[in-house]
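Participant: Just need the structure, nothing else, for what follows:
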Amino acid sequence: MQKMAEPLGLRDECGEGTSGAPALTGSCLADNRLNLDVYPDGCRRFLQLFKEQHGDVVQVEFLRLSSNDCLLDTALSSLPHLKHLKSLVLKGGHARDEFGSYQHGSLTSLPPDLGNLRCLTHLDLSFNRLSILPSCILHLPSLRVLLVSHNSLVTLPEDFGHLSKLTFFSAMKNQLRGLPQSIGELSMLQDLDLSENALELLPEEVGNLHNCTELDLSGNRLLSIPDSLANLKSLRRLHLHSNLLVTVPASLASLPNLSRLDLQNNCLRAIPAEIQALPFVYVRGNPLGETEPSPQADKSSTRRLKRLFLPSGEGSFTVTSEGCRVVLACGIRFYFPPGAASDPLRICFRSLTPDPQWVKLRHHDVLLSRVLELQPHGVQFQQEVQIWMPYISPQTPHQHEVVVRTFSGQSWSDLKTRVKRKRKSKKCVAHCCVLHFSWFLVVSRLVQNECKVPAEGTLLFSSVDPNIKVIFPPGVTEEPRSVKLQVLPVSAEEIQEITANAGCRASPLLYLSQDSTVDFLKPVRIQLPLPPGVTGLNLDQSRLHILHGDLEGQTWNDITSEVVLEFTHLYAVFEVTHFSWYWLWYTTKTYIGGLAKKVYERLRLYQVNFIALQRKRDPEQVLLQCVPKHKVDPVLKKLQDRYRGPEPSDMVEMFEGEQFFAAFERGISIDMDRPDCVDGRLSFIFYSHLKNMKEIYVTSPVDRKGQAVKGQVSFYRGAVPDGIPEDASRRRKGPDSLWLATLPIKLPQLKPRWDENPSPLNGFSFPPLNLGNAETGYLTQANLLSIARRVGADWQSIGLNLGLTYQQIERIGYNNREDLNKQILDMLFSWAQQNSEDPECVSKLITAMKESGRQDIADEIDAIIQLGRQKYSESIRRVGLEQESSTEDSAIAMT
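Facilitator: As a prediction, this is how the structure comes out:
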């Protein structure tokens with residue numbers, strides 16, 4: 001929803017003296033505008049101006065003061081004298097607490113005489129502590145724009161409709177539980193924002209807002225909306241997402257100007273056909289078509305379950321016996337039915353990067369998500385908790401299936417999983433039910449068919465290839481046992497490409513396993529289809545081989561002579577007493593075991609390319625990525641507007657979960673203290689469906705003032721993953737066998753530094769600065785100039801994260817509007833001068849860089865500080881040694 005913009009021209013027109021403080025002259029009142037919220041002592045300045053230049057101040061039409069100012073109450077008493085005032089801004093949020101959050105202002109009320117400001121059309125009281133709307137506001141006859149967002153309002157006055165000229169009203173982020181019926185009297189209202197409140201019901205009179213073009217009711221507790229909303233013929237955008245809606249009136253489809261209807265993240269199980277037909281309706285996050293999660297629960301209570309939406313950065317939530325629904329910022333959802341937890345329980349969660357030393361994938365498994373950890377571990381719920389985990393859709397849906405895998409503390413096991421693909425987006429979600437929490441991830445595995453084998457025998461066949469059957473005769477076992485069957489189809493083209501032999505053919509790979517270590521009492525019959533192109537009519541039995549592989553696929557033995565083979569026109573049938581891998585080959589080759597081992601190994605490998613791209617705006621920002629071969633072109637197309645670099649590397653082959661490293665060479669280096677840096681190289685783990693990408697800041701110890709540096713980045717294999725065939729392990733030993741690829745990196749010639757060439761500064765002069773202290777390390781003026789070189793177009797975001805207000809940012813941008821370098825320097829050094837006495841200023845600067853997405857600058861600052869600490873420690877040690885030496889010399893002299 002588009003929020004009301006600030007009145008145009010509300011810039012600070014105060015001149016500045018030589019000391020940097022604004023001079024309190026008549027120029028402050030240029031164009032009858034007075035912006036004092038950019039100064040920590042703005043109210044003091046206002047009171048001084050009001051006293052010394054009273055005649056000019058009372059003519060002011062636009063006034064901005066910070067409600068974080070300690071003299072606000074005193075300044076408020078003077079405001080009723082400003083009879084010509086048209087716009088008044090008394091916002092908080094100009095200061096931050098120790099956690100970095102914006103502090104609300106101290107405003108809790110307004111003087112009654114403020115209602116006499118008959119010219120006032122714009123009033124902004126956002127980010128304050130208002131619990132009730134000041135009554136004087138209802139007496140402002142010309143008021144058109146009212147903003148009271150981010151306060152503590154619980155209700156609006158019954159006569160709120162007296163503001164008949166109001167065109168814009170924002171009360172987002174309050175605690176409103178209801179609306180007065182008089183709200184329907186706001187006939188001129190065009191934009192109404194009531195998002196993120198506690199509204200459960202809307203009055204029918206809302207339908208009288210005939211001029212309303214945008215209505216935002218998102219983030220409330222609405223179970224339904226009145227049919228009268230269909231009367232809002234001017235409405236263009238209706239935001240109803242993140243409520244508890246179980247139904248919406250079909251009449252909304254008749255609104256003639258509606259261009260956006262957002263119904264996402266509600267409890268809608270069905271949507272009227274008239275609304276579904278609209279091209280601009282958004283319905284993601286609704287349980288459309290789903291049955292009730294708990295059939296035993298009262299439907300009405302289920303619909304009224306508490307719904308929690310956790311923003312990014314939150315790491316916990318509380319579940320009570322009433323149950324709740326929870327949606328995380330990453331898209332993971334939970335349903336806790338009533339009674340799942342008998343007492344209030346704090347649930348902590350985090351998303352972890354998969355570690356192959358811990359996350360053990362089986363052969364032909366594909367990892368589709370990060371690891372979700374839920375705590376407390378092992379807590380038993382009274383009823384099943386439902387989890388929905390988004391994942392990346394695999395490329396082989398026919399022979400693979402998606403499951404949620406969980407870690408019990410000793411081993412991983414697969415949960416019964418239901419998969420759902422969202423209709424309007426391509427995202428997929430895996431759904432499972434659990435009674436306790438631990439670690440969870442989503443994997444794609446070979447389709448698994450299983451059955452319980454009783455003493456009477458049974459039949460098990462593959463759903464991937466129904467021609468593959470396993471027949472258990474009567475008496476095959478004394479006690480029932482579970483058997484699992486998996487099949488990996490292998491095309492004739494794959495066999496021919498790997499073996500380079502057009503005469504080699506093979507059936508699908510069959511894997512059988514059971515939950516008992518005891519062999520079967522009777523032979524089990526296995527039916528496999530003959531290899532492609534082979535039938536009972538043209539079969540040469542001397543070329544047909546049955547291969548048995550061990551559990552890891554390391555060895556493949558030809559057992560043709562050990563079993564009795566029977567043939568039909570399409571199938572081969574044989575009997576076995578123990579389970580493992582079985583493979584039917586048709587070839588003239590003699591050493592079939594080695595050939596099968598080679599093919600099996602290649603089936604587990606992925607063909608990948610490496611890319612190394614440099615950001616166009618900042619070539620020292622380098623993006624490294626390992627990309628599966630079929631994804632290279634789409635990835636490069638997506639990045640080409642922001643990055644440039646060499647062509648991708650030649651194709652190499654890697655296993656799922658394999659470690660590899662990136663090393664910068666020939667005059668290019670990185671920060672060695674990075675947590676993912678091992679012996680000067682960046683560590684990666686390859687997962688075919690996850691992003692194997694890192695963006696880092698590189699430097700060069702070589703002097704680049706004279707010429708560019710032509711370096712390179714090389715990729716090397718890491719530790720050999722578990723389960724890799726012995727032959728593959730042997731091939732990866734030796735000084736050069738670990739090398740994968742090398743790509744060029746060029747760092748351009750450095751331009752003259754700002755501190756060496758003062759001409760671009762055009763008169764900027766900064767006093768000496770030392771941020772921090774000797775023990776923790778200093779940031780000097782030279783350090784800040786070096787940092788400023790790297791900031792670029794991100795300076796506004798960095799400034800806001802440093803605590804500068806929007807008004808300060810606008811003022812810096814306006815005063816230096818033709819020079820980006822000046823904007824950066826003004827922002828950075830203005831902040832530094834204001835915070836030079838703050839012992840935590842350096843850590844705040846590092847945090848601001850991280851929050852602005854500039855980890856590279858944060859790392860550079862941290863490196864400077866670490867070096868400063870090291871030098872300080874060395875100097876202390878040197879002083880200590882000199883004192884000790886002097887004492888010894890004195891003792892010798894005395895003797």
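Participant: Lowest mean pLDDT among the helices and strands of the chain, which one is it?
Facilitator: helix 299-303 (a mean of 43; mean pLDDT, DSSP states H and E).
Participant: residue nearest the centroid of this protein?
Facilitator: Central residue of the chain (C-alpha atoms, centre = their mean): C330, 5.9 Å from the mean position.
Participant: so what's that residue closest to, chain neighbours aside?
Facilitator: S351 (6.4 Å; C-beta to C-beta, 6 or more residues apart in numbering). C-beta: built from backbone N, CA, C; applies to glycine.
Participant: before we move on, the earlier item: secondary structure element holding the residue nearest to the centre of the chain?
Facilitator: Here C330 is covered by no helix or strand, with elements defined by DSSP states H and E.
Participant: how near is it to S369?
Facilitator: Separation of C330 from S369 (C-beta to C-beta, to the nearest Å): 10 Å.
Participant: anything in contact with each of those two?
Facilitator: Shared contacts of C330 and S369 (C-beta atoms under 8 Å, 6 or more residues apart in numbering): P390.
Participant: domain ranges for the protein?
Facilitator: Per the TED database, the domain ranges recorded for the chain read 27-152, 155-166+173-288, 307-446, 467-590, 604-721+738-747, 781-877.
Participant: Run the chain-centre distance for the fifth one.
Facilitator: Centroid separation for domain 604-721+738-747 versus its chain: 22 Å, with C-alpha atoms, centre = their mean, to the nearest Å.
Participant: now do the same end-to-end measure for that domain.
Facilitator: Using C-alpha to C-alpha, to the nearest Å, the end-to-end distance of domain 604-721+738-747 comes to 38 Å.
Participant: packing partners for the longest strand belonging to the chain?
Facilitator: When the chain is parsed with DSSP state E, its longest strand is strand 605-615. Using 3 or more C-beta pairs under 8 Å, 6 or more residues apart in numbering; DSSP states H and E as the contact criterion, the elements in contact with strand 605-615 are strand 621-628, helix 632-639, strand 643-644, strand 652-655, strand 739-747.
Participant: Would you agree L800 is in contact with Q807?
Facilitator: No: using C-beta atoms under 8 Å as the test, L800 is too far from Q807 to be in contact (11.1 Å).
Participant: So the two - more neighbours on which side?
Facilitator: Taking other C-beta atoms under 10 Å, L800 and Q807 do not tie; Q807 has more neighbours (22 against 17).
Participant: wait, what's in contact with that one?
Facilitator: D12, N35, D37, V38, R64.
Participant: Neighbour-wise, which one of those leads?
Facilitator: Neighbour tally across those (other C-beta under 10 Å): the maximum, 27 neighbours, falls on D37.
Participant: Now P489: closest residue in space, sequence neighbours ignored.
Facilitator: Per C-beta to C-beta, 6+ apart, closest to P489 is P508, 4.6 Å.
Participant: Tell me how many other residues crowd that neighbour.
Facilitator: P508: 21 neighbours (other C-beta under 10 Å).
Participant: Could you pull up the contacting residues of it?
Facilitator: V464, D465, I468, V487, L488, P489, V490, L528, P529.
Participant: Likewise for N243?
Facilitator: With C-beta under 8 Å, 6+ apart, N243 has these contacts: L217, S218, G219, N220, R221, L222, L223, N265, N266.
Participant: Sort out which one of these lies nearest P256 for me.
Facilitator: Set against P256, the nearest of the contacts of N243 by C-beta to C-beta is L217 (20.3 Å).
Participant: What average pLDDT does stretch 244-254 get?
Facilitator: Stretch 244-254 shows a mean pLDDT of 89 in the predicted model.
Participant: can you give me the offset of stretch 243-256 from its chain's centre?
Facilitator: 31 Å.
Participant: mind listing what's buried in it?
Facilitator: For stretch 243-256, the neighbour count (16 or more other C-beta atoms under 10 Å) marks N243, L244, L245, V246, T247, V248, P249, L252, A253, L255 as buried.
Participant: Once you drop chain neighbours, what's closest to Q527?
Facilitator: Nearest one to Q527, counting by C-beta to C-beta, 6+ apart, is K469 at 4.4 Å.
Participant: what's the spacing between that neighbour and L512?
Facilitator: Note on K469: its distance to L512, by C-beta to C-beta, is 12 Å.
Participant: Now list whatever residues contact both of these two.
Facilitator: Common neighbours of K469 and L512 (C-beta under 8 Å, 6+ apart) are I526.
Participant: Going along the chain, name the helices of the stretch 151-300 of the chain.
Facilitator: According to DSSP state H, counting those that start in this stretch, the stretch 151-300 of the chain carries its helices in the segments 273-276, 299-303.
Participant: before we move on, what about the stretch 351-500 of the chain?
Facilitator: Going by DSSP H, counting those that start in this stretch, the stretch 351-500 of the chain shows helices at 492-499.
Participant: again with the stretch 751-895 of the chain
Facilitator: Taking DSSP H, counting those that start in this stretch to define them, one finds helices in the stretch 751-895 of the chain at 781-791, 795-801, 806-815, 820-834, 841-851, 855-894.
Participant: Who are the packing partners of the first one?
Facilitator: Packed against helix 781-791, as judged by 3+ C-beta pairs under 8 Å, 6+ apart, are the following elements: helix 820-834, helix 855-894.
Participant: Just give me the lowest mean pLDDT stretch among these.
Facilitator: When I compare these, helix 855-894 is least confident, with a mean of 56.
Participant: okay, now D515: neighbour count?
Facilitator: D515: 11 neighbours (other C-beta under 10 Å).
Participant: do T155 as well
Facilitator: Neighbour number of T155 under other C-beta under 10 Å is 16.
Participant: likewise G667?
Facilitator: Neighbours of G667 (other C-beta under 10 Å): 16.
Participant: Same question for the one 10 residues further on.
Facilitator: By the measure other C-beta under 10 Å, the count of residues near C677 is 15.
Participant: so what pLDDT did it get?
Facilitator: At C677, pLDDT is 80.
Participant: any idea how far V206 is from L189?
Facilitator: 10 Å.
Participant: on that earlier part again, rebuild the domains of the chain as JSON lines, extending it with distance to K597.
Facilitator: Shown next, in JSON lines, are the domains of the chain (distance: least, C-beta to C-beta, whole Å):
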{"stretch": "domain 27-152", "distance to K597": "57"}
{"stretch": "domain 155-166+173-288", "distance to K597": "47"}
{"stretch": "domain 307-446", "distance to K597": "13"}
{"stretch": "domain 467-590", "distance to K597": "5"}
{"stretch": "domain 604-721+738-747", "distance to K597": "11"}
{"stretch": "domain 781-877", "distance to K597": "44"}
